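*Asks:* got a structure for you, letters missing:
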């Protein structure tokens, strides 16, 4: 497999995994079907899911379509992957009172490293951001 295809494959994996996790994590009784959530909040959860699915499909199409400017499609797909994964690193800082934990507070059994609570979503986001960077570098290296 060429470096370009390997890079595009990594980018595809990083992009396609997000909507899959979205369905598994959000389309259940803790989010979209949570009767305790106001109807408008459930609407926004479902609406954001449709946006995520659409953006992901467009990004994957951009990666693999035939084009006279394949580098542009790769760059835009990489940027879309960054847009999908990076908010886990900063949204709780932008909006006070938000939490990555469904209950709003970490459970007693939350994973810890050196006594600090580790949010699994942040670890996952960092992993996929690194995969995105690696995939983009591979895809670009053969084009350069």
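*Replies:* Cool, got the structure. Here the structure is a predicted model, which means the values were calculated and not measured.
*Asks:* So the residue of the chain positioned farthest from its centre versus residue 2, what's the distance?
*Replies:* Ranked by distance from the centre of the chain (CA atoms, centre = their mean), the top residue is residue 68, with 28.0 Å. In this view, residue 68 and residue 2 are 19 Å apart by CB to CB, to the nearest Å. Every residue, glycine included, has its C-beta placed from N, CA and C.
*Asks:* can you check residue 111 too?
*Replies:* Using CB to CB, residue 111 is found at 38 Å from residue 2.
*Asks:* Helix, strand, or coil at the residue farthest from the centre of the chain?
*Replies:* coil (DSSP: H, G, I helix; E, B strand; the rest coil).
*Asks:* Kindly list the longest helix within the protein.
*Replies:* Longest helix in the chain by number of residues, with DSSP state H as the criterion: helix 39-64.
*Asks:* re the thing from before, mind pulling up the phi and psi values for the residue farthest from the centre of the chain?
*Replies:* phi -80, psi -10 (degrees, to the nearest 10).
*Asks:* is it true that residue 124 touches residue 100?
*Replies:* No. Using CB atoms under 8 Å as the test, residue 124 is too far from residue 100 to be in contact (10.5 Å).
*Asks:* Identify the residues contacting the nearest residue to residue 119 once chain neighbours are set aside.
*Replies:* Computed as CB to CB, 6 or more residues apart in numbering, the closest residue to residue 119 that is not its neighbour in sequence is residue 100, at 4.8 Å. When contacts are counted by CB atoms under 8 Å, 6 or more residues apart in numbering, residue 100 touches 88, 92, 119, 121-122.
*Asks:* PyMOL command for the buried members of those residues?
*Replies:* Restricted to buried positions by 16 or more other CB atoms under 10 Å, the PyMOL selection for those reads:
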select buried, resi 88+92+119+121
